[in-house]
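Q: please work out how this folds:
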Amino acid sequence: MTTTPSEQGAGVSLGMPQLPAPDYPADVRARLDADAKEVIARYPDSRSALLPLLHLVQSEEGHVTRTGMRFCAEALGLTTAEVTAVATFYTMYRRKPSGDYQVGVCTNTLCAVMGGDAIFDELKQHLGVGNDETTEDGKITLEHIECNAACDFAPVVMVNWEFFDNQTPDSAKRLVDDLRAGVQVEPTRGAPICTYKETARILAGFPDERPGAVEATGGAGPASLIGLRLAKGEVAQPRVVHPRTGGPQDEAPAEHLSSHDAPQQTSASDPAHPAGPTAEEGE
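A: Modelled structure (predicted):
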């Protein structure tokens, strides 16, 4: 029995390439063109403007679309492949529709040990979503994130890249409930929370025009500054406790640079196995 060419091809993908991405509507394109010119003018080499331009197109649709990558390529004289390589490398660029609030739970070592894993598990159950998924109302996208250099405030949750320090499962659930209900929440440090699209525009380099937002950014917290205070002598130096007797030790013990320099057993430290006289080399 023979098969016809049509039967042979049934269910077989021909692997046709995607059609070119559509352009933005004319009014959106005109607005983005004006913004892009402002961004590109900040750099002596236009190619350097790619990262902020990706944030700019992300502020338009909430994620980096094929249309957005095409726009960046045309604005900078790059290929779409070059733009795609950058957009897929950095995790701050979303590749699919996401919520108004990107809720990231740090699950790296210290935050995980301090409760980050428990917070992430509780939020998945509470919101009914998995990692990198968005709630049905489009408000929250939940994501486990890598270290955000806030280990001294572990465990840390971030909302649109603003810090919420020293979280617990209960406080994290209250946080996402408030975000979904439209309640204004205040980060532990940093500017007031705005939507993901608004955050993306700020990251593109445009000013945050909300009243008081810039002034509210603040600085490092006390836990981050303790080392600086110690260096300036503003905090009393802690006493060094001898590891054997528990008494104070005035002088620092000699540093052992490797295991070969470690103290060996002697008659003083191990009376049951007294050390004999040291022989000269070659004897």
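Q: from here on, contacts and neighbour counts on C-alpha atoms
A: OK.
Q: so residue 103 lies in a strand, does it not?
A: Yes. Residue 103: assigned to a strand according to DSSP: H, G, I helix; E, B strand; the rest coil.
Q: against residue 204, how distant is it?
A: Taking C-alpha to C-alpha, to the nearest Å as the measure, residue 103 falls 20 Å from residue 204.
Q: who has more neighbours, these two?
A: Under the neighbour definition other C-alpha atoms under 10 Å, residue 103 and residue 204 were set side by side, and residue 103 has more, 27 against 23.
Q: tell me the contacts of that one?
A: By C-alpha atoms under 8 Å, 6 or more residues apart in numbering, the contact list for residue 103 reads 140, 141, 142, 143, 157, 158, 159, 160.
Q: and residue 94, by the same measure?
A: 58, 62, 63, 64.
Q: and the contacts of residue 103, which is closest to residue 26?
A: Nearest to residue 26 out of those is residue 160 (C-alpha to C-alpha; 29.4 Å).
Q: what is the neighbour count of the nearest residue to that closest one once chain neighbours are set aside?
A: In this structure, residue 160 finds its nearest non-sequential neighbour in residue 102, 5.1 Å apart by C-alpha to C-alpha, 6 or more residues apart in numbering. For residue 102, the count of nearby residues is 21 (other C-alpha under 10 Å).
Q: surely residue 67 meets residue 19?
A: No. Using C-alpha atoms under 8 Å, residue 67 is not in contact with residue 19; the gap is 11.4 Å.
Q: out of those two, which sits in the more crowded spot?
A: residue 67 (16 against 6).
Q: secondary structure element for that one?
A: Per DSSP states H and E, residue 67 falls inside helix 66-76.
Q: so what touches that helix?
A: 21-24, 33, 36, 46-47, 49-50, 53-54, 57-58, 78-80, 82-84.
Q: same thing but 7 Å
A: For helix 66-76, contacts defined as C-alpha atoms under 7 Å, 6 or more residues apart in numbering pick out 21-24, 46-47, 50, 53-54, 57, 79-80, 83-84.
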